[in-house]
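Chemist: starting from these lines, generate the structure:
(one chain, ligands or ions: 1)
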Amino acid sequence: MSLRSFLQELEKANELIKVKEEASVKHEIAAVLKEYETSVMLFENVKESKVPVVAGVCGTRGRICRALNVSEEELYGRLIEAMRAPKRPKVVKEAPVREVIEGPDLSKLPILTHYERDMGPYITSGVVFAKFPDGRGQNASIHRMLVLDRNRLAIRLVPRHLYYIFKLAKERGEALEVAIAIGLHPAVMLAASSSPPFGRDEMEVANALLNDKLELTPCEKVDILVPSEAEVVLEGRILPDVEAEERMVDITELYDVVRKQPVIELVNVMRREDCIYQALLPSGPEHKLLMGLPREAMIWESVLNVVPKVKAVNLTAGGCGWLHAVISIEKQTDGDAKNALLAAFGAHPSLKLAIVVDTDVNAYDLREVEWALATRFQAGEDLVLIPRARGSTLDPSADQETGLTTKVGMDATKPLREPKERFERAAIPIEPRAAEVIEGLRKLVTRSKAESS
Ligand code: MN
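Modeler: I've put the predicted structure just below:
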């Protein structure tokens with residue numbers, strides 16, 4: 001299963017926007033992506049490169065669901081199931097990504113410079129593969145990588161799995177072999193952004209998501225397996241003793257501090273003859289969804305321990321896809337919503353604000369969520385404050401020395417003891433005739449209710 005097969009599917013559904021106008025990798029493509037951030041765009045005429053650029057592939061929930069062939073309600077269950085029952089992918093020798101094998105030259109790829117004060121062009125959709133220290137299986141994770149020159153990148157390693165594997169190699173004074181795959185099916189991207197326990201191979205999760213249709217192929221100069229249908233694979237080593245400064249925009253839409261990070265030296269490139277380069281706008285919806293969705297699934301599963309039905313979990317875009325959640329539940333007793341809040345905070349330690357609503361409120365529509373707060377929430381009894389808890393280092397308002405934050409929980413569900421009618425939203429019956437008129441007007445009326453909210 002490949003990125004291009006999914007792009008073809010999107011094209012048939014009229015969801016792929018082809019940009020014929022010339023655009024530069026330096027700020028221009030990023031500016032267009034920012035303006036149309038939930039669309040999938042294919043830039044066919046890139047000023048600096050023959051390679052076209054695609055971006056926005058995982059930019060909406062609906063598109064991710066389409067790629068995984070599930071409904072929005074089934075999504076979290078599917079992700080949890082794939083993490084619980086991963087499947088080992090087949091290994092093949094003949095692979096589309098092996099069409100061209102050549103020496104490394106990053107200047108041939110249309111790598112975007114995004115924001116004003118970013119330190120340079122960054123690869124933002126690269127999945128980095130490395131072998132586990134025991135040699136059994138591989139880790140796969142997404143990292144931002146700053147282009148330093150034709151064959152070197154600075155890689156941002158937060159203290160997670162790849163950081164740990166690199167640390168062990170560094171302690172032995174050895175370089176760590178890595179392969180960077182670019183241009184991948186959404187299931188592979190999502191699996192690489194999920195955090196199964198250390199030692200679990202994310203590509204086995206991806207293969208479970210793809211119903212056993214993922215194939216891997218060996219690299220040329222490093223001992224690593226990569227998706228056989230990737231567009232481009234960069235092979236290299238993270239050097240044990242070299243660091244470079246890098247800085248770019250994070251998921252919070254804020255500039256990160258300048259950091260010294262490890263350097264990758266590339267040794268080889270494998271690619272398709274007519275490869276497409278996949279970009280991803282930092283802090284855009286795609287960034288937020290890829291990071292947030294696996295966390296939403298974890299919150300969903302955890303809240304399911306305290307209430308029988310969890311309809312939706314929304315790590316909101318305004319909350320950086322990471323810090324704020326709206327959770328819709330069906331509650332049995334009046335204390336359930338507070339237990340749901342506690343379960344959510346336990347499942348996602350970075351969570352700072354959580355709002356629980358009933359299932360008649362759309363958790364993805366913040367106007368409806370505010371309506372629930374206005375009509376079903378009393379701060380005196382429905383507010384939970386947890387001062388001085390561990391929060392996210394991404395939040396600049398948290399205590400920068402200790403990382404402590406105050407967590408806020410809001411129970412905006414209607415009280416069960418009160419008469420139901422008091423909290424019922426008025427509805428207008430839609431007779432078939434009215435439905436017809438509404439449908440007929442849709443093309444003429446530019447702003448519908450959904451669009452203006
Ligand atoms: Mn991992």
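
Chemist: next one: the residue of the stretch 101-250 of the chain found nearest the ion from Arg390, what distance?
Modeler: Closest residue of the stretch 101-250 of the chain to the ion, Cβ to the ion: His161 (3.7 Å). Where you see a C-beta, it was placed from the backbone N, CA and C, and this is true even at glycine. As judged by Cβ to Cβ, to the nearest Å, His161 and Arg390 stand 20 Å apart.

Chemist: got the buried residues for the helix or strand hosting Lys167?
Modeler: Using DSSP states H and E, Lys167 maps to helix 161-171. Neighbour-count burial for helix 161-171, counted by 16 or more other Cβ atoms under 10 Å, picks out 161-162, 165-166, 169-170.

Chemist: max-length helix in the chain?
Modeler: Under DSSP state H, the helix in the chain containing the largest number of residues is helix 285-303.

Chemist: and the helix or strand just after that one, average pLDDT?
Modeler: Counting by DSSP H and E, the next helix or strand C-terminal to helix 285-303 is strand 309-315. On average, the pLDDT along strand 309-315 is 96.

Chemist: residues in contact with strand 309-315?
Modeler: Identification of contacts with strand 309-315 by Cβ atoms under 8 Å, 6 or more residues apart in numbering yields 72-73, 76, 288, 292-293, 295-297, 299-300, 303-304, 321-330, 340, 344, 359, 362-364.

Chemist: separation between the residue nearest the centre of the chain and Gly126?
Modeler: Centroid-nearest residue in the chain, with Cα atoms, centre = their mean: Leu290, separated by 0.8 Å. Remark: distance between Leu290 and Gly126 (Cβ to Cβ) = 13 Å.

Chemist: give the residues shared as contacts by the two.
Modeler: Residues touching both Leu290 and Gly126 by Cβ under 8 Å, 6+ apart: Ile142.

Chemist: flag every residue of the chain that's near the ion.
Modeler: Within reach of the ion by Cβ under 5 Å from the ion, the chain has these residues: 139, 161.

Chemist: chain center to the longest strand seen in the chain: distance?
Modeler: Counting residues, the longest strand found in the chain (DSSP state E) is strand 232-246. Remark: strand 232-246 is offset 23 Å from the chain centroid, using Cα atoms, centre = their mean, to the nearest Å.

Chemist: not counting its neighbours along the chain, what's nearest the residue in the stretch 251-400 of the chain that the ion sits nearest to?
Modeler: Scanning the stretch 251-400 of the chain for proximity to the ion using Cβ to the ion identifies Pro294 as nearest, at 11.3 Å. Computed as Cβ to Cβ, 6 or more residues apart in numbering, the closest residue to Pro294 that is not its neighbour in sequence is Ser194, at 3.8 Å.

Chemist: what pLDDT does the model give the one you found?
Modeler: pLDDT, Ser194: 92.

Chemist: so what's it up against?
Modeler: By Cβ under 8 Å, 6+ apart, the residues touching Ser194 are 79, 83, 202, 205, 294, 297.

Chemist: on the three-state scheme, the first one is what?
Modeler: Put plainly, it is Leu79. helix (DSSP: H, G, I helix; E, B strand; the rest coil).

Chemist: the fourth one now?
Modeler: The assignment at Val205 comes out as helix when based on three-state DSSP.

Chemist: hmm, it is touching Ile80, no?
Modeler: No - using Cβ atoms under 8 Å as the test, Val205 is too far from Ile80 to be in contact (10.5 Å).

Chemist: who has more neighbours out of those two?
Modeler: When neighbours are counted by other Cβ atoms under 10 Å, Val205 and Ile80 differ, and Val205 comes out ahead with 28 against 17.

Chemist: excluding chain neighbours, what is closest to that one?
Modeler: Residue nearest to Val205 in three dimensions, not counting chain neighbours: Ala191, with 4.2 Å by Cβ to Cβ, 6+ apart.

Chemist: do the same with Leu254
Modeler: Nearest to Leu254 is Pro396, by Cβ to Cβ, 6+ apart, at 6.5 Å.

Chemist: burial count for that neighbour?
Modeler: Pro396 sits with 8 neighbouring residues when counted by other Cβ under 10 Å.

Chemist: look up how far Gly403 lies from it.
Modeler: From Pro396 across to Gly403, the span is 12 Å (Cβ to Cβ).

Chemist: again, but for Asp382
Modeler: According to Cβ to Cβ, Asp382 and Gly403 sit 28 Å apart.

Chemist: the two - which one has more neighbours?
Modeler: The residue with more neighbours, out of Asp382 and Gly403, is Asp382; 19 against 13, by other Cβ under 10 Å.

Chemist: contact partners for Thr38?
Modeler: By Cβ under 8 Å, 6+ apart, Thr38 lies in contact with 56, 59-60, 285.

Chemist: PyMOL command to pick out the buried ones of those?
Modeler: Here is the PyMOL command that selects the buried residues among the contacts of Thr38 (16+ other Cβ under 10 Å):
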select buried, resi 56+59+60+285
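
Chemist: now do the contacts for the residue nearest to the centre of the chain.
Modeler: Neighbouring residues of Leu290 by Cβ under 8 Å, 6+ apart: 58, 142, 189-190, 193, 280.

Chemist: ok, Leu75 next?
Modeler: Neighbour list for Leu75: 61, 64-65, 68, 293, 297 [criterion: Cβ under 8 Å, 6+ apart].

Chemist: run the last query once more with 10 Å
Modeler: Going by Cβ atoms under 10 Å, 6 or more residues apart in numbering, Leu75 touches 61, 64-65, 68, 190, 293, 296-297, 300, 312.

Chemist: next: Arg237.
Modeler: Arg237 touches 169, 174-178, 221-222, 263-267, counting by Cβ under 10 Å, 6+ apart.

Chemist: now with 8 Å?
Modeler: Each residue near Arg237 by Cβ under 8 Å, 6+ apart is listed here: 175-178, 222, 264-265, 267.

Chemist: sounds good, over and out.
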